[in-house]
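Enquirer: Pasted the sequence and its predicted model underneath.
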Amino acid sequence: MSTRHHHPSGEAFARLVRQAIADLPPEYARLIDTIAVVVEEEPPRQVLEEMEIDPEEELLGLYQGLPLGDDSFFGSGGEHPAQIALYRGPILRLCDTEEEIVQEVCDTLVHELGHHVGLDDDEMPY
């Protein structure tokens, strides 16, 4: 199952993402139940520019939505539901085996869930 430089198809990658979600520790698994997880091939150029990501760096995932503490029933409405985008291309460029892909997706999800609960990058467990 673990082939070096294995580049799974879109459906196989989605299966690895589902496996990573199933492998999340319970405290993170509870959080992800309310968040849409989507797979995109590459991060949009505009996102990379806005985040000032260096060209030699890879963006593996992105949380979009209000952190839990900022969410309010009495908010203005019209907010999109919380979402985590996973970027397949950068993850595949970083990983050589299916096991590494699952671990990287899991680590990326935990990082992005940290943003969901209001943590900054320097407060993250990963």
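Expert: Great, that's in hand.

Enquirer: Just give the nearest non-adjacent residue to Ala29, would you?
Expert: Leaving out its chain neighbours, the residue that sits closest to Ala29 by C-beta to C-beta, 6 or more residues apart in numbering is Ile21, at 7.4 Å. Yep, even glycine has a C-beta here, placed from its N, CA and C like the rest.

Enquirer: Tell me the helix or strand right after the helix or strand where Ala29 lies.
Expert: Assigned by DSSP states H and E, Ala29 belongs to helix 26-32. With elements assigned by DSSP H and E, the helix or strand that comes after helix 26-32 is strand 36-40.

Enquirer: Tell me how many other residues crowd the nearest residue to Glu123 once chain neighbours are set aside.
Expert: Leaving aside its sequence neighbours, Glu123 sits nearest to Gly114 (C-beta to C-beta, 6+ apart; 7.0 Å). For Gly114, the count of nearby residues is 20 (other C-beta atoms under 10 Å).

Enquirer: do the same with Tyr63
Expert: Tyr63, neighbours per other C-beta under 10 Å, totals 17.

Enquirer: Can you name the residues in contact with the helix or strand hosting it?
Expert: Using DSSP H and E, Tyr63 maps to strand 61-64. Residues outside strand 61-64 that contact it (C-beta atoms under 8 Å, 6 or more residues apart in numbering) are 43, 47, 80, 82-87, 108-109, 111-113, 115-116.

Enquirer: and with 6 Å instead?
Expert: For strand 61-64, the surrounding residues in contact (C-beta atoms under 6 Å, 6 or more residues apart in numbering) are 83-86, 108, 112, 115-116.

Enquirer: Helices - which of the residues you listed land there?
Expert: 108, 112, 115-116 (DSSP state H).

Enquirer: Could you identify which of those residues has the most neighbours?
Expert: Neighbour max across the ones in helices among the contacts of strand 61-64 (other C-beta under 10 Å) = Glu112, 26 neighbours.

Enquirer: Cheers, nothing more for now.
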